[in-house]
Every structure is written in structure tokens, then in C-alpha cells.
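Engineer: Pasting the sequence and the predicted coordinates here, then a few questions.
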Amino acid sequence: MTEPSARHLLGSFLKARRAELTPQECGLPVSGGPRRVAGLRREEVARLASISVDYYTRLEQGMVRASASVLGSLVPALRLDQDQQTYLYELAGKSDARPRRRRSAQRPRPAVRRLLARLDGTPALVLGRRLDVVAWNRPAVALWTDFAALPATRRNYVRLMFTDPVFRALHRDWEHDARDTVAALRMEAADDPSDPALARLVGELSLRDGDFRTWWAEQRVSAAGSGTKHYRHPLVGDLTLDCDTWLSPDGSGQRLVILTAEENTPSHDALRILTSWTAEETAEETAIRGTKA
């Protein structure tokens, strides 16, 4: 199967975005006749962006490369938010003739591993390309799953969301969280749309899960750095945790994800109990190793 080029991904994104808009919200007159397409017509987008219909049509078909000025006019025409703008510009900056970059191994820096180890009361993990889980701490194991027990090919946050029943059951609002995860993966795809590992992941999940297939086709993108997660843990019950994400400054694209609970709340107490059990298990493992030594 031919891998999608950045231009074709951009065209698909433009089509999906104009399908979400209506003439009324864009200030366009509405004719009395029936509309054959959902959302805006191509000629309506072209009018809003002050470009020719022919040029915009070829842009959606992946036949031309958009200039910076055209991108600038499409942003307000399609009412793109900040994440969508970033996605649009990243896709438009690619070229099919551009040689593929050599990708370094997804290894967190030693400083990041030390930070994870020091967050002994806070679930934290590092996400790499394609939202692969590349590092984690013990509280993360207590909250989510034992990532070390999984084959490396399964240590992917998106794959776990859609294929692991236990991981899925942790999310009290699974549909909301899963859609956000797909949007984050879509955002990730803009960085290297020809990545074969990404193509395999998307292809596998599209075949296995109808929801993933539908949400991937929606072209929704997100690079949210913070939010709230609602879990239902089998040991400590409901948890409401603040989720904050920091992008690594080393250019690797890796993100540190940390979950915390507001003090003096049931979630804070439950998280403290959960992480204390983890600490007790760690001490017991250490004692066992000392006995065998």
C-alpha cells in the first residue's frame, strides 16, 4: 500500500475541516436550494481565502504545494485553532522528494530517568514518537499497567487504549480520552507522515477498531499540554487527576507526562495509598534480593 504523502494528508485535512463548517458561521449567504455536500463547498472556501477555486481544488487533491501566503489565508477561512494551524504548517513544509530523516533510538536522557525515579509519589511516564511509552516510574505501573511485562511492540499508549481491556476500563470517560489520544497521534503524524511504523500502527488499529477508524478520518488534531483525567482504579476506586505534559528541550520530541491530585481531596488520598503500596512492594523485592544474595 502506498504511504500517504504530506500533500495528500494536507488535502484530507482541508476537506475534513471544511466539512465541519457551515456557511452561516462563516458569514456566507445561504442559497435556497439543497446542498449536496456537508459543510462548506470548495468554492466557498476559495472565496473566503481569496484564492481561485481551481487552485484550492488542486490543493485538496494534493497536486500543488501551498505557499505561506495561501496558508495564512486558509487559517481564518477555515477557522483553525492553534493546534490545527501547527498541523497545517507542518504538513505544508514537507516534500515528497525530501530524503527521509534518520531517526535516533527512543532513549530518554539519563536526567529524565533520574527525574522519573524521584517522582516516587506521582505517576509519570515518557512518550516518544507515535506515543510509544519509552520510560515510566513505579507509580505509573501502579496506576496503569506493568509496562515492563509487555513486549516492546505493545508499549504504545494508543494501542493500549484501543486493544487492552484492562487499560481501557481504567478510563471513566474512555470515549473522550480515546478521541483525544487519536487527535494527539494525528498531530504527531504531521512531523513525519511517511513513517512506516506509524503507517503500520494506524493500519492495524483501523482494521481492529471501528471507533479508531472513524476518529482518525475526522482529522482532529491536538497538542494539549494539560488537562484532567478521570480513572476508575480496581484497587482504590475513582481518581480525578491533573495531567501535565512537558516537551523535551533536546529536540527528540519526547514528552514527560505527570499526573497529580489536588491536596485534601479523595483522589489525593487514594493516590497516596496506591503509591504507598508500590513503595511497600519495592521494599519487599529489595529484601528478597538481599536474602538471595
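Structural biologist: Here it is on my side, so go on.
Engineer: Tell me the secondary structure at the residue nearest the centre of the chain.
Structural biologist: Centroid check for the chain by Cα atoms, centre = their mean gives residue 184 as the closest residue, at 1.6 Å. Judged by DSSP: H, G, I helix; E, B strand; the rest coil, the three-state class of residue 184 is helix.
Engineer: Which parts of the stretch 1-150 of the chain are helices?
Structural biologist: 6-19, 42-49, 53-60, 68-77, 82-92, 110-118, 138-143 (DSSP state H, counting those that start in this stretch).
Engineer: which of those helices is buried the deepest?
Structural biologist: helix 138-143 (a mean of 22; mean count of other Cβ atoms under 10 Å). Glycine gets a C-beta too; all of them are placed from N, C-alpha and C.
Engineer: Go through stretch 148-161 and flag the buried ones.
Structural biologist: 155-161 (16 or more other Cβ atoms under 10 Å).
Engineer: any idea which of the residues you listed is closest to residue 48?
Structural biologist: Taking Cβ to Cβ as the measure, residue 48 lies nearest residue 158 of these, at 33.9 Å.
Engineer: Pretty sure that closest one sits against residue 181.
Structural biologist: Yes. Using Cβ atoms under 8 Å, residue 158 is in contact with residue 181, at 5.4 Å.
Engineer: Which neighbours do these two have in common?
Structural biologist: residue 131 (Cβ atoms under 8 Å, 6 or more residues apart in numbering).
Engineer: Strands of this structure, start to end?
Structural biologist: Using DSSP state E, the strands of the chain run over residues 124-127, 133-136, 226-233, 237-247, 255-260.
Engineer: Return the list of strands paired to the first one, each annotated with direction.
Structural biologist: It stands for strand 124-127. According to DSSP bridges, strand 124-127 has the following sheet partners: strand 133-136 (antiparallel), strand 255-260 (antiparallel).
Engineer: With respect to burial, which of the strands of the chain scores highest?
Structural biologist: Per stretch, and counting mean count of other Cβ under 10 Å, the top mean among these goes to strand 124-127, which has a mean of 24.
Engineer: Can you name the residues in contact with that strand?
Structural biologist: By Cβ under 8 Å, 6+ apart, the residues outside strand 124-127 that reach it are 108, 112, 115-116, 133-137, 139-140, 144, 147, 157, 254-259.
Engineer: Find the residue ranges of the chain scoring beneath the pLDDT cut-off.
Structural biologist: 1-4, 31-34, 94-105, 278-293 (pLDDT under 70).
Engineer: go with 50
Structural biologist: Applying pLDDT under 50 to the chain flags residues 1-3, 94-100, 282-293.
Engineer: List the residues that contact residue 241.
Structural biologist: Listed by Cβ under 8 Å, 6+ apart, the contact set of residue 241 reads 123, 228-231, 259-261, 267, 271.
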